[in-house]
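**Q** got a sequence here, can you build the structure:
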Amino acid sequence: MIDKTQIIPASKHELYQVHGNHIDAIMETKVFLMNYIRTVIQEAKLAKGATTEVKMQDPEPFETKAASLSYGDESFGFTVIIAADKEQETNLVQTFFPYYFVKKIRVRVETVWVWDNLLEATVKCSYGEFEFAFFAADYFAHKDAYMPGNEIEIRIGAMGMRVEEGDHGFSFEGQKAVDWLAKLGKEPDYDENGQVMPVHFSTEQLVAFLPSDDKCPDEASFQSPAGDIRERQFMGIDFYETEVIIHRYEDEVSVPFVFRKDMVPDAKKDMPIRGVLWLVGAF
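**A** Numbers count the residues shown, from 1 in each chain. Purely as a prediction, here's the structure:
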């Protein structure tokens, strides 16, 4: 059942409604704007089009033709969204952002935060009991589908805005080891010198997914063991592709993940990685 009360203006929720830090997942935003934005717009190919409401300089929205242009391939690249002005005379660039979506997943739409331009939206959805948010890269073309209560199948992926090798584990030594074991009702072990043996903990399989700012619910701090590692290039930049787990209980949820190779040059399968990621989805 559609619940239109859960279609909320992003400004009411105080979302940031910007993509600067998302572009940083590919390259420094300043470098992109100075050296690449013209090429991206010029060489991008038409992806989707729709007649839809848009809000530009006028305080009132109006209906016009909008389109998305893609620079890259079906799974990885940049999107530019353009819309005709009120007189239908000029196509104006409304927004641009990187995208990465590979894996199909069926989710239930819970809440839609519509950005001020009426072309973009952040969507909270549920997969079983697990809830997460993603940026709907094609919201302008599928507004009727991104409705709270709808079950939809989307392609999803995550981009690494900051990634590093995670901790492999830690130890309690001395009195800390004694105190920890006491909580479990256990006695410590001792070495040949009578010293308390350390208690070791491995975090190599630790999974954490923590949206940390209500103003960008589609971003999250994370830690996960990396899946298979593949290399790819885009715009002359080296990237790694893998999968990270964002939920591990009854319904395990893993998502494709791409990040710049220079962030973790020696990344390999099963290595714990952590940082900040951005979830992106589209039909």
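**Q** C-alpha only now, for contacts and for neighbours.
**A** Noted.
**Q** what about this structure, any weak spots by pLDDT?
**A** Within the chain, the ranges that satisfy pLDDT under 70 run 1, 170, 177-178, 181.
**Q** report the longest strand in it, please.
**A** Scanning the chain for the longest strand, with DSSP state E as the assignment, gives strand 151-165.
**Q** now do the strands in the stretch 51-200 of the chain.
**A** Counting by DSSP state E, counting those that start in this stretch, the stretch 51-200 of the chain has strands at residues 62-72, 76-84, 91-100, 103-114, 121-127, 130-136, 151-165, 169-172, 199-202.
**Q** could you dump those strands to TSV with mean neighbour count?
**A** Formatted as TSV, these follow (neighbours: other C-alpha atoms under 10 Å):
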stretch	mean neighbour count
strand 62-72	20
strand 76-84	22
strand 91-100	19
strand 103-114	20
strand 121-127	22
strand 130-136	21
strand 151-165	21
strand 169-172	13
strand 199-202	13
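**Q** how about the ones you listed in JSON lines, adding distance to Ala50?
**A** Below are the strands of the stretch 51-200 of the chain laid out as JSON lines (distance: least, C-alpha to C-alpha, whole Å):
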{"stretch": "strand 62-72", "distance to Ala50": "5"}
{"stretch": "strand 76-84", "distance to Ala50": "10"}
{"stretch": "strand 91-100", "distance to Ala50": "13"}
{"stretch": "strand 103-114", "distance to Ala50": "17"}
{"stretch": "strand 121-127", "distance to Ala50": "16"}
{"stretch": "strand 130-136", "distance to Ala50": "15"}
{"stretch": "strand 151-165", "distance to Ala50": "18"}
{"stretch": "strand 169-172", "distance to Ala50": "51"}
{"stretch": "strand 199-202", "distance to Ala50": "51"}
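**Q** ok, Glu219 touching Leu279?
**A** Yes - using C-alpha atoms under 8 Å, Glu219 makes contact with Leu279 at a distance of 6.4 Å.
**Q** now for those two: what residues contact both?
**A** Shared contacts of Glu219 and Leu279 (C-alpha atoms under 8 Å, 6 or more residues apart in numbering): 133-134.
**Q** tell me what the longest strand of the chain is packed against?
**A** Applying 3 or more C-alpha pairs under 8 Å, 6 or more residues apart in numbering; DSSP states H and E, one finds that strand 151-165 makes contact with strand 91-100, strand 103-114, strand 253-260, strand 272-282.
**Q** the inter-axis angle of the last one versus strand 121-127?
**A** An angle of 110 degrees separates the directions of strand 272-282 and strand 121-127 when computed by axes from the mean of the first three to the mean of the last three C-alpha atoms, to 10 degrees.
**Q** kindly report the same for the third one.
**A** Going by the same axes, to 10 degrees, strand 253-260 is angled at 140 degrees with respect to strand 121-127.
**Q** now do the longest strand of the chain and strand 91-100, the angle between them.
**A** 70 degrees.
**Q** mind checking how far strand 151-165 is from the chain centre?
**A** Its chain's C-alpha centre and that of strand 151-165 lie 4 Å apart, by C-alpha atoms, centre = their mean, to the nearest Å.
**Q** residues in contact with that strand?
**A** Outside strand 151-165, the residues that reach it (C-alpha under 8 Å, 6+ apart) are 21-22, 24-25, 99-109, 145-146, 255-260, 263-264, 267, 271-283.
**Q** circling back to that earlier point, got the helices and strands packed on strand 151-165 as JSON lines, with distance to Glu60 columns?
**A** Output for those, formatted as JSON lines (distance: least, C-alpha to C-alpha, whole Å):
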{"stretch": "strand 91-100", "distance to Glu60": "16"}
{"stretch": "strand 103-114", "distance to Glu60": "15"}
{"stretch": "strand 253-260", "distance to Glu60": "38"}
{"stretch": "strand 272-282", "distance to Glu60": "27"}
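**Q** right, so of those strands, which gets closest to Val199?
**A** strand 272-282 (20.4 Å; C-alpha to C-alpha).
**Q** elements contacting the closest one?
**A** strand 91-100, strand 130-136, strand 151-165, strand 219-225.
**Q** mind putting these into TSV with distance to Gly72?
**A** Shown next, in TSV, are the helices and strands packed on strand 272-282 (distance: least, C-alpha to C-alpha, whole Å):
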stretch	distance to Gly72
strand 91-100	9
strand 130-136	18
strand 151-165	15
strand 219-225	23
